Every structure is written in structure tokens, then in C-alpha cells.
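Colleague: Sequence plus predicted model, see below.
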Amino acid sequence: MMKLSEITKVYGKGSLEVPVLHGVDLTIEDGEFVAIMGPSGSGKSTLMNIIGFLDYPTSGTFELNGEKVDSAKESALARLRNEHIGFVFQQFFMFPRDNAIKNVASPLIYAGVSKRERTERAKQMLVKVGLEDRMKHLPNQLSGGQKQRVAIARALVNNPTIILADEPTGALDSKTSAQIMKLFMQLNEEGKTVIIVTHEEEIAAYAKRIITIKDGLITDDRRVAP
Ligand SMILES: Nc1ncnc2c1ncn2[C@@H]1O[C@H](COP(=O)(O)OP(=O)(O)OP(=O)(O)O)[C@@H](O)[C@H]1O
């Protein structure tokens with residue numbers, strides 16, 4: 001469970017200060033499928049970065065599974081990130097010279113997993129996302145939807161509890177977007193907590209809970225009937 005209380009974020013200092021989050025209270029239980037919506041500049045990515053331990057809040061408290069993490073050191077934050085979070089981004093972020101298996105396996109290098117096991121686990125994840133016939137392809141030999149599947153397999157390879165996806169369908173056509181969202185639904189049904197940032201209603205509609213953020217505050221939080 002994640003519990004954020006009175007979270008604020010101010011970028012910059014002095015006359016360059018940009019206040020972005022103004023006191024966000026948000027609890028996300030294990031196994032939820034949440035969409036965070038809001039206009040451009042409302043603070044969605046800022047909130048996502050804090051939830052994913054990529055950035056610190058300026059003030060407020062953040063608990064993960066009952067443990068206070070808002071003042072954790074950078075090394076502790078990195079550990080939390082590796083253990084709990086799988087990231088998916090709009091731009092895929094792949095190593096262009098590495099095939100799908102190597103891209104998916106890359107987070108395991110930092111986790112100190114042997115090459116043989118890395119390859120084995122990467123293959124399992126590629127099968128899971130439906131890419132068993134594309135394992136040795138390079139990123140430029142894959143379609144946008146296939147690249148995003150590789151990115152999702154990479155996000156899963158550390159067996160995180162939470163998948164955080166920032167505009168995961170932003171670079172995809174609507175048919176491919178629907179396929180990717182169905183994959184997120186499947187992962188959620190298997191027990192993963194899924195949190196996506198999107199500005200598209202049709203994409204948010206796949207989630208079970210839709211949170212709207214405006215000018216750095218949550219203005220709406222509704223659960224969608226199954
Ligand atoms: N590192 C930074 N330094 C200063 N200002 C920043 C920084 N990062 C973001 N901002 C500002 O914070 C505000 C919120 O940005 P954020 O990226 O969280 O919005 P968003 O809702 O994700 O927008 P979009 O939908 O356009 O991606 C914006 O006004 C942005 O200019």
C-alpha cells in the first residue's frame with residue numbers, strides 16, 4: 001500500500017521557484033488499477049516521479065507498506081525502486097543495438113543476476129507479453145506496439161509489485177493502444193498494482209479508479225464500476 005499525505009513539490013529556488021504539487025493526499029492499495037488524468041502541466045509526471053521514487057517531495061509524508069520513505073537516502077530510494085517498481089514510458093527507451101532479450105534482461109545486470117538466468121527470465125517475460133516470435137529482433141525491427149511490449153516485459157523482469165506507466169500509449173495508434181491496455185488489465189488481474197498517467201479518456205477507461213489532478217491538487221477520485 002502507498003500512502004501519500006500532504007505532498008508538495010516546488011521546483012527551483014528563490015525567485016525561480018515553481019510550485020507544482022500543493023498538498024496531495026492519495027492512498028493506493030495493492031492490486032489497484034489507477035489512471036491519473038489531468039491537463040498538461042497539472043503535475044501528473046511530477047506525482048508519478050514521486051510515487052516511483054525517482055524524485056523527492058518538497059514536504060509531506062510518503063509511506064510504502066507502512067514504512068516511511070519520504071526522507072530515505074538516495075541509495076535506499078534506488079533499492080525501493082528496483083524492488084517495487086517497473087517503469088513504462090511513452091518513448092520506450094531501448095538500447096538500439098540490443099535485441100529484445102537483451103533489452104528485457106538489462107535491469108537484471110544491476111541486480112547481479114547471472115547471464116544464463118537473465119536470458120531465461122527475459123525469455124519468459126517476452127512470452128508473457130506475446131512476443132515469443134520476436135525475441136531476437138532489434139528495436140528498429142519491431143513495430144511501436146511490439147516495442148512497448150518489450151518495454152513492459154523489461155518492467156516486469158524484476159518481478160515488481162507496482163507497474164508505473166507514463167503515457168504508455170502516447171506514441172501508438174488506437175488499435176495498438178487497446179492491445180497494450182488489455183495487457184495492463186491482464187497484469188492487474190494477475191495481482192500487479194498498475195498506475196498509468198494519461199490525458200486520454202479512452203485509455204483511462206481501462207482502469208478501475210480514475211484520479212483527476214488540476215493545478216497540483218486532486219480534484220476528482222472515482223472508482224469505475226466493473
Ligand atoms: N525540473 C523542473 N524544474 C522546473 N519546473 C518543472 C520541472 N519539471 C516540471 N516543471 C513544471 O512543473 C509543472 C508540472 O509539470 P508535469 O510534467 O508534472 O506536468 P504534467 O501534468 O505531467 O504535464 P504533461 O501532461 O504536459 O506531461 C509544469 O509547469 C512544468 O513546467
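Modeller: Done, it's in. Numbers count the residues shown, from 1 in each chain.
Colleague: for residue 107, phi and psi?
Modeller: phi -60, psi -20 (degrees, to the nearest 10).
Colleague: Any idea what the most centrally placed residue in the chain is bridged to?
Modeller: The C-alpha lying nearest the average C-alpha coordinate of the chain belongs to residue 164 (CA atoms, centre = their mean; 1.4 Å). Beta bridges link residue 164 to residue 87, residue 195 when assigned by DSSP bridges.
Colleague: List the contacts of it.
Modeller: 48, 51-52, 85-88, 195-196 (CB atoms under 8 Å, 6 or more residues apart in numbering). Bear in mind the C-beta positions are built from the backbone N, C-alpha and C, glycine included.
Colleague: If we use 6 Å, what do you get?
Modeller: Contact analysis of residue 164 by CB atoms under 6 Å, 6 or more residues apart in numbering lists 52, 85, 87, 195.
Colleague: wait, residue 211 sits on residue 33?
Modeller: No: contact between residue 211 and residue 33 fails when scored by CB atoms under 6 Å: they sit 11.6 Å apart.
Colleague: coming back round to it: and the contacts of residue 164, which is closest to the ligand?
Modeller: residue 52 (12.6 Å; CB to the nearest ligand atom).
Colleague: Show me the shaky parts of this structure.
Modeller: Within the chain, the stretches with pLDDT under 70 are 226.
Colleague: rerun at 50
Modeller: Along the chain, segments meeting pLDDT under 50 are nowhere present.
Colleague: And the contacts of the helix or strand in which residue 27 is found?
Modeller: Assessed by DSSP states H and E, residue 27 sits inside strand 18-28. Contacting residues not belonging to strand 18-28 are listed as 2-12, 34, 43, 46, 216-218 [CB under 6 Å, 6+ apart].
Colleague: Put the buried members of those into a ChimeraX selection.
Modeller: Buried subset of the contacts of strand 18-28, written as a ChimeraX selection, criterion 16 or more other CB atoms under 10 Å:
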select :2,3,4,7,9,34,43,46,216,218
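Colleague: now, which of the contacts of strand 18-28 lie close to the ligand?
Modeller: The subset of those within reach of the ligand, by CB under 6 Å from any ligand atom, is 11-12, 43, 46.
Colleague: Please identify which of the contacts of residue 164 is nearest to residue 134.
Modeller: Closest to residue 134 out of the contacts of residue 164 is residue 87 (21.2 Å), distances taken as CB to CB.
Colleague: Test my guess that residue 131 contacts residue 149.
Modeller: Yes: applying CB under 6 Å, one finds residue 131 in contact with residue 149, separated by 5.3 Å.
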